[in-house]
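> quick one: sequence plus predicted model below, questions after.
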Amino acid sequence: QVQLVESGGGLVQPGGSLRLSCAASGFTFSNYAMSWVRQAPGKGLEWLSDINSSDGSTYYTDSVKGRFTISRDNAKNTLYLQMNSLKPEDTAVYYCNLEKRGFQYWGQGTQVTVSS
């Protein structure tokens, strides 16, 4: 079955960096686009970024463009999110997401807290 396991979150000061990872299993990772989504305290889900499967094209929401970089290693079945210049408003639980045959799959999430 599909499994997505995020890691790499933590507490970081404003202006700092983190790299999130999402280990995928149970499907042919290289065949599917993947996404990162976050949920800040008391708010709804916010889509952040996509990376497609064919040519690695990437897409970002405006609030993270230029600061976050999505990437994938198909040999390791792993999705990444490099986050730089972090701001307190980036505090959230971060999830990787797969849409496969009309179903949405989510990991358990990893907490990112940006605070001095």
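Perfect, I can see it now.
> which residues touch Thr86?
Actually, residue 86 is Leu. It isn't Thr. Leu86 makes contact with 12, 14-18, 67, 112, 114, according to CB atoms under 8 Å, 6 or more residues apart in numbering. Where you see a C-beta, it was placed from the backbone N, CA and C, and this is true even at glycine.
> so for the chain, the centremost residue is which one?
The centroid of the chain falls nearest to Trp36 when counting by CA atoms, centre = their mean (3.1 Å).
> distance of that one relative to Ser116?
Plainly put, Trp36 is 24 Å away from Ser116 if you go by CB to CB, to the nearest Å.
> quick one: buried ones out of the contacts of Leu86?
Taking 16 or more other CB atoms under 10 Å as the criterion, what is buried in the contacts of Leu86 is 12, 18, 112, 114.
> closest to Leu79 out of these?
Among the buried ones among the contacts of Leu86, Leu18 lies closest to Leu79 (CB to CB), at 14.5 Å.
> list the residues that contact the residue lying closest to the closest one once chain neighbours are set aside.
Distance criterion CB to CB, 6 or more residues apart in numbering; nearest residue to Leu18, sequence neighbours excluded, is Met83 at 5.0 Å. Going by CB under 8 Å, 6+ apart, Met83 touches 17-20, 64, 67-68, 90, 112.
> a markdown table for those, including distance to Gly44 and pLDDT?
Below are these laid out as a markdown table (distance: CB to CB, whole Å; pLDDT from 0 to 100):
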| residue | distance to Gly44 | pLDDT |
| --- | --- | --- |
| Ser17 | 26 | 98 |
| Leu18 | 22 | 98 |
| Arg19 | 25 | 98 |
| Leu20 | 20 | 98 |
| Val64 | 16 | 97 |
| Arg67 | 21 | 98 |
| Phe68 | 19 | 98 |
| Asp90 | 16 | 98 |
| Val112 | 17 | 98 |
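> so which of those residues is the closest to Gln1?
Nearest to Gln1 out of the contacts of Met83 is Leu20 (CB to CB; 22.3 Å).
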